[in-house]
Structures are given as structure tokens and as C-alpha cells.
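*Asks:* Sequence and predicted model, in that order:
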Amino acid sequence: MIRFSGKLSRSLIWSTLVVLLAVNVLPVAQADDTISFGNDTVRLGFLYNVTDPVAEVDAANGALNYVSPDWFGLDWNGRLVVYEAADRDIVDQFHARGIKVVPYLANSFNYQLGCIALANREQLTAEIAAAVQEYNLDGINYDIENVGPDEKDLQTDFMRLLRAKLPDKHLSISVVANPYHWAGGWHGSYDMAALAKICDNIVLMSYDLMLYSRQANSLGAAVSGEDAVTICIENLLQRGVPANKLLMGIPFYGRIWYDGPLTAGTAPTETQERLSGSDGVALGHLQIKRILADGISNVVHRIDPITKSDVTSFQVAAGKQVSLVWSLKLDPGHYSIYHESLQSYASKMKLMQRYHLAGYAAWAVGQEDPAFWPALGGSGAVKEPTLLNRNFTDLYSGYWAKEDILYGANRGWLSWTKSSRFYPEQEITRAEASATIKRMLGLTLADKTAVTDFIDLPASYWAYTDIQTLVYYNMMYGMTTEAPYIFGTYDSITRAQFAAIIDRCFLDDGSGKVDTSVLSRFSDLSGNHWAYNDLARAVAAGLLQGYPDGTMQPDRALTRAELMSLLYRVDVLLVK
């Protein structure tokens, strides 16, 4: 992983947000390429790693009638974990919009965890049924992945038990694409005909089909080429899945590959090595859009006639760098991105119509360019995001940080409290800080990336994705530099640690220059403190202040109120 040493500009900070929607770079077809949808067509959007789910779905303007949020996981006893993001108020808001809510049950692709869950299926299905009732949900999507043929009958029995306990609820199962009838591994773990009799829908994960798609004239291939999607659909129809139960998976992301150097014989950089693998690197549409608007040259755009996928090849000139994601840069060389467009989605919808399928399932809402929604059933007008209305009874009138806390809470920065109390003087953990920073900056991961295996961060932990996201963007690191890696999930975050995060991402321009004289007024700081320069830049920027007694107390734990106040200043001074 490359450590980013440059300052993140305002445009970079919001590169994945709505401000980019005005940029029109990718050639797309007109909206008259779209099809009309019947009322019974299932249009499902997975909600993975989403800051404000209601606002994201509102931006689809009627395209979606089902959502599947990432609210359910598993612990190592095969028991249900309901994540902190689960919220009955959010369910009620979706219902008011005529949208059904069917969370997906995930095992983070962990074989052992999936097997434990299946062995505990009687209790687990009872817990799922209880959660469905408690949160007023409309059903569940089973998405236990990467188990094997030995678990085939257990998966069928799991769904049978769920159907018995939830007779009037929507049940669906996400299945891996298997056009070549592989009997081993994950591909051989489904009894498709039996599952189709139990479930309302079978969700075909018809993305990341590079292996099945015709290779193009580069190292990459279409993520969801029409040729590959077609054979995957026909495979399931042949295996006993009725067309009126099958949902076609569509990606809201593409992949980028490094094609080669500008000059023959030039060794690839670390980033280019990463982009040379069989999977390239997954990027959400807004990230792709930003790359294609950021100083590239020799752009060649085409729509592959067989895959119907958009392919954009380009060059980063010598002496230039282009932002891939915040802490990674595209070095000089040739690249190709396989992605989607209004035209490719319209083509997929026609394919869905041709086979009389039940509908589509999109992975994952929040990564899409809203300009594509008309092809998927949306009205076409992009709505402004809505803000949550939050208040806390323990923030009395005149409390020093009340307005800062409500500023962030009403913008959806908080995922770790939905109660009526905030507990402002309580120390905030590194996990809570990760979740808040991620939401404040609108960070997402394009796919289910596990960046580092921390021994104190189980995949079922509520902030697992938040922490992995910040690690991916090099915003936070673990407490150890060698395996076994420790994140310090339950530890408090200190003032110095926060200063280091903000300096790394916003203030340090890589020159090594820093005016440490701003720290001379603090009696408890010396030049040998590990975060001395970070603290100096944070103080000089007006983000970090000392205490009335003239101390900085860099190793003191931040309280919840202090973190929200600091993030308010970051948002006002650096981001906005």
C-alpha cells in the first residue's frame, strides 16, 4: 500500500460526492434507450457501506422498490449480529416511499463462519425471524458465501426453516454465477431447483464476470459483459430456476487495469503492479468519473459490440500523476477502465426483459452516477440529499459543543448512537472515531475489501467496514506494524492520533516544512514527541487548541464532544 504524502485538496475530498455530478465526461446514450418497468418488476438496490441510506435511495427517484441494507452479520457461535446501522425509523421512511426492506445476511466470505452458521441454523433462523419482526422488515436476503458442496443441503434446509418461520415475508438468496457447471467449491454449494421452490427470488451475482467474458485488447475485461451475463442467466434457467424468480445482478462499479509503460522496459510502480492483477482494482462510478476528468490524455472510448461494456483507454503523461483514490495515484503509463454507462444499463434492462426475468439487483447503491438512474426506472431528476433530524437530551442549553455535535449528527456522521443521549464527556474509541470520520468524509469501498486482518477486529464487529475503509485510504493505521496486527478497536483515540490523521490527509504537503514555533506556548510539549510536527500543523491550521492551563495534553483521550467539535472545524475550514 502506498502512503500518500501530498495534501488532499477540496476537489479530492469530495471526489465521490454529488459535486461531481455536474462533470460530463463519459459518452452515454440518451434516455430514450430505456425500457418501461411494470409495477411487479423487482428493482433492488444493495446498501453497502452507505452513510445516509434514505438520501441515497431518494436520489434514485423511484427506480428502486426494494433495498437490501448491510444490517445483519454473524458471530463465531453462529448467532445473529444486528449492526448499529439497523434502524426502525429508516425502515419506516422507506415504507412511506413504497420501498420494501430486506437486509442481507453476510458472513464476510468466511468459510468457517458460514459453516458455523449453517450448523446453528435452527437458532439462527429463529433470531432472524425475531429481528424481522422487531424492525418491521419485509424479509431477508441470504448471502452466506464461499461455503462448499458439503453445505449444499444445509443451505437448502436453512432457507426451508426461514420460510417456515417467515411464511408471509420476502425471501431471496444471492448465488454465484456458474455458467460452466462447476461442481466444486462455492459454485457447487447450491441446489438451484430446490432453492427456487422455497425462495421468492434468486439473485444472480452477475458481476465480476471477467473470467467468463471475451477478453478485449488489453489486460482487462468487462466486469459484467452481456455475453457473460447471458450464459449465466441461461445456466440458471436450465438448472430449474424460473425466469419469474430470477433477479439479474448489475454492478455500480467498474475496474481499472494498467496496460503498460509509456516507454518499453520501464518497470511498473507499486501502484501499477496492483493494477496488473487479474481483477485490476474496483472503482465506483463516481471515482471513475473523476479519473476521466483529471488531466489524462490520448483518451479512446468505445463500446465493445459483444460485451456491451464501455471501455475507456487513456494515458498518464510523463511527469504527471492522476488520483485513483485519495491515497493512491496513477503513475505515467497506459490504462484501461471497463465501466458502465446509460447505454450499457439500457442494454442490460433489455436483456432482462428479453428473458422475462423478475427484475434486477444492483451492487451497490452509493457508488453509481445518478445520471444512470433513468435507464433503471428512475425519473431522471436528481434530488437534494435530506438531513436527519437528531437531538440528544444530555446536551443542555449552553453546552460548549452542542451546536458542533448536532451539526454532525444531523448530517448522518454518527452510526454508533441512535439513543436519545450522546454522553458527550465519554472517551471515544478508535472504532467510533473511524465510523464518524468515514461518514463525515463520505468514504466508501467499491467492493468487500478486507485491507488488513486485525486480531481485535472480527468481521462481525459493527465498525468492521468503517475501520477497513480508513485503513484502505491510509487515514488510520493499526497499533502494530508486524503480524499479528492490532488495530486498537476498543482503545480510546488520543489528541495526537487525531492530529496525525488530519495532518496526513489535509495539511502535510510532503515538503517536510513545518513551523513548530506555534507549539512553544504549550508547557507539556517537547520536540521528541512522536506527533510533534502533526500537532504543529493542526494548531497552525486552527483545528487543534490547547487547554486554559497552557497545556496541549497530546496523549489525552478525546471525548465524544471534542471529536465532533474537531471534525466540525475540519469540515468548515478544510473540506467546505
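*Replies:* The structure has been received and is ready for your questions.
*Asks:* Any stretches of the protein with poor pLDDT?
*Replies:* 1-34, 51, 214-219, 324-328, 380-390, 415-419, 445-450, 575-576 (pLDDT under 70).
*Asks:* Show me what counts as buried in stretch 454-464.
*Replies:* 454, 456-464 (16 or more other C-beta atoms under 10 Å). Bear in mind the C-beta positions are built from the backbone N, C-alpha and C, glycine included.
*Asks:* ugh, typo on my part, it should be stretch 535-549
*Replies:* Going by 16+ other C-beta under 10 Å, stretch 535-549 has these buried residues: 535-541, 543-544, 546.
*Asks:* ok, the buried residues of stretch 454-464 vs Ile428, which is closest?
*Replies:* Ala463 (11.8 Å; C-beta to C-beta).
*Asks:* And the helices in the stretch 201-350 of the chain?
*Replies:* Secondary structure of the stretch 201-350 of the chain (DSSP state H, counting those that start in this stretch): helices at 226-238, 270-274, 285-291, 342-354.
*Asks:* of all the ones you listed, which lies closest to Tyr48?
*Replies:* Of all those, helix 285-291 comes closest under C-beta to C-beta, at 14.4 Å.
*Asks:* now the closest one, how far from the centre of its chain.
*Replies:* With C-alpha atoms, centre = their mean, to the nearest Å as the basis, helix 285-291 stands 14 Å off its chain's centre.
*Asks:* counting contacts, what elements does that helix pack onto?
*Replies:* strand 253-260, strand 322-325, strand 333-339 (3 or more C-beta pairs under 8 Å, 6 or more residues apart in numbering; DSSP states H and E).
*Asks:* Dump those into a markdown table; add mean neighbour count as well.
*Replies:* Shown next, in a markdown table, are the helices and strands packed on helix 285-291 (neighbours: other C-beta atoms under 10 Å):
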| stretch | mean neighbour count |
| --- | --- |
| strand 253-260 | 23 |
| strand 322-325 | 21 |
| strand 333-339 | 23 |
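*Asks:* Quick one: closest of those to Arg439.
*Replies:* Using C-beta to C-beta, the nearest of the helices and strands packed on helix 285-291 to Arg439 is strand 322-325, at 17.2 Å.
*Asks:* From Glu84, how far off is Val322?
*Replies:* 36 Å (C-beta to C-beta, to the nearest Å).
*Asks:* actually Lys197, not the one I wrote
*Replies:* 36 Å.
*Asks:* Redo the helices of the stretch 201-350 of the chain as JSON lines? Include distance to Asp509 and mean neighbour count.
*Replies:* Below are these laid out as JSON lines (distance: least, C-beta to C-beta, whole Å; neighbours: other C-beta atoms under 10 Å):
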{"stretch": "helix 226-238", "distance to Asp509": "45", "mean neighbour count": "19"}
{"stretch": "helix 270-274", "distance to Asp509": "20", "mean neighbour count": "16"}
{"stretch": "helix 285-291", "distance to Asp509": "21", "mean neighbour count": "24"}
{"stretch": "helix 342-354", "distance to Asp509": "39", "mean neighbour count": "21"}
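*Asks:* Can you lay out those helices as CSV showing distance to Ala499?
*Replies:* CSV is the format used below for these (distance: least, C-beta to C-beta, whole Å):
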stretch, distance to Ala499
helix 226-238, 48
helix 270-274, 27
helix 285-291, 28
helix 342-354, 44
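*Asks:* nearest to Tyr399, of these?
*Replies:* That would be helix 285-291 among these, by C-beta to C-beta, at 36.9 Å.
*Asks:* Spatially nearest residue to Ala500, not counting backbone neighbours?
*Replies:* Asp534 (4.3 Å; C-beta to C-beta, 6 or more residues apart in numbering).
*Asks:* Now do the SS call for the one you found.
*Replies:* helix (DSSP: H, G, I helix; E, B strand; the rest coil).
*Asks:* what sits against it?
*Replies:* Neighbouring residues of Asp534 by C-beta atoms under 8 Å, 6 or more residues apart in numbering: 496, 499-500, 502-504, 508.
*Asks:* Most neighbours among the residues you listed, which one?
*Replies:* Using other C-beta atoms under 10 Å as the neighbour test, these are led by Ala499, with 26 neighbours.
*Asks:* Is that residue within a helix or a strand, and which one?
*Replies:* Per DSSP states H and E, Ala499 falls inside helix 495-502.
*Asks:* partners of the nearest residue to Ile173 once chain neighbours are set aside in the sheet?
*Replies:* Leaving aside its chain neighbours, Ile173 sits nearest to Tyr142 (4.4 Å; criterion: C-beta to C-beta, 6+ apart). Assessed by DSSP bridges, Tyr142 has beta-bridge partners Leu105, Ile173.
*Asks:* thinking Ser276 is in contact with Trp257, fair?
*Replies:* Yes - between Ser276 and Trp257 there is a contact at 7.0 Å, judged by C-beta atoms under 8 Å.
*Asks:* Lys152 sits in which helix or strand?
*Replies:* helix 152-165.
*Asks:* try Ala60
*Replies:* Going by DSSP H and E, Ala60 is not part of any helix or strand.
*Asks:* Next up, the contacts around it.
*Replies:* By C-beta under 8 Å, 6+ apart, the neighbours of Ala60 are 45, 365, 370, 373, 376, 378.
*Asks:* dump the residue contacts of the fifth one.
*Replies:* The neighbours of Leu376, taking C-beta under 8 Å, 6+ apart as the test, are 43, 60, 63, 250, 345, 349, 360, 362.
*Asks:* Go again with 10 Å.
*Replies:* Contact analysis of Leu376 by C-beta atoms under 10 Å, 6 or more residues apart in numbering lists 34-35, 37, 43, 45, 60, 63-64, 250, 252, 342, 345-346, 348-349, 360, 362, 368.
*Asks:* Trp530 - how many residues pack around it?
*Replies:* 12.
*Asks:* Ignoring the adjacent residues along the chain, who's closest to it?
*Replies:* Ala496 (7.2 Å).
*Asks:* gap between that neighbour and Leu558?
*Replies:* Taking C-beta to C-beta, one finds Ala496 at 10 Å from Leu558.
*Asks:* cool, and Ala117?
*Replies:* 37 Å.
*Asks:* can you check Ser511 too?
*Replies:* With C-beta to C-beta as the criterion, Ser511 and Leu558 are 28 Å apart.
*Asks:* ok, these two, which is more surrounded?
*Replies:* Leu558 (22 against 9).
*Asks:* From what I see, that one and Ile437 are in contact.
*Replies:* No - applying C-beta atoms under 10 Å as the test, Leu558 and Ile437 come out as separate, 11.7 Å apart.
*Asks:* hey, what's in contact with both of those two?
*Replies:* Joint contacts of Leu558 and Ile437 (C-beta under 10 Å, 6+ apart) are 493, 498.
*Asks:* re earlier: which members of the contacts of Ala60 occur in strands, if any?
*Replies:* Gly45 (DSSP state E).
*Asks:* name the element Leu406 belongs to?
*Replies:* Assigned by DSSP H and E, Leu406 falls in helix 402-409.
*Asks:* outside of that helix, which residues touch it?
*Replies:* Taking C-beta under 10 Å, 6+ apart as the rule, helix 402-409 contacts 387-392, 395-396, 399, 401, 413-414, 417, 422, 424, 436, 439-440, 560-569, 571-572.
*Asks:* Now, of those, which are buried?
*Replies:* Applying 16+ other C-beta under 10 Å to these flags 388, 390, 392, 395, 399, 401, 413-414, 422, 424, 436, 439-440, 560-569, 571 as buried.
*Asks:* from these, which ones fall inside strands?
*Replies:* Going by DSSP E, the strands hold none of those.
*Asks:* Ile128 is in what secondary structure piece?
*Replies:* In this assignment (DSSP H and E), Ile128 forms part of helix 121-134.
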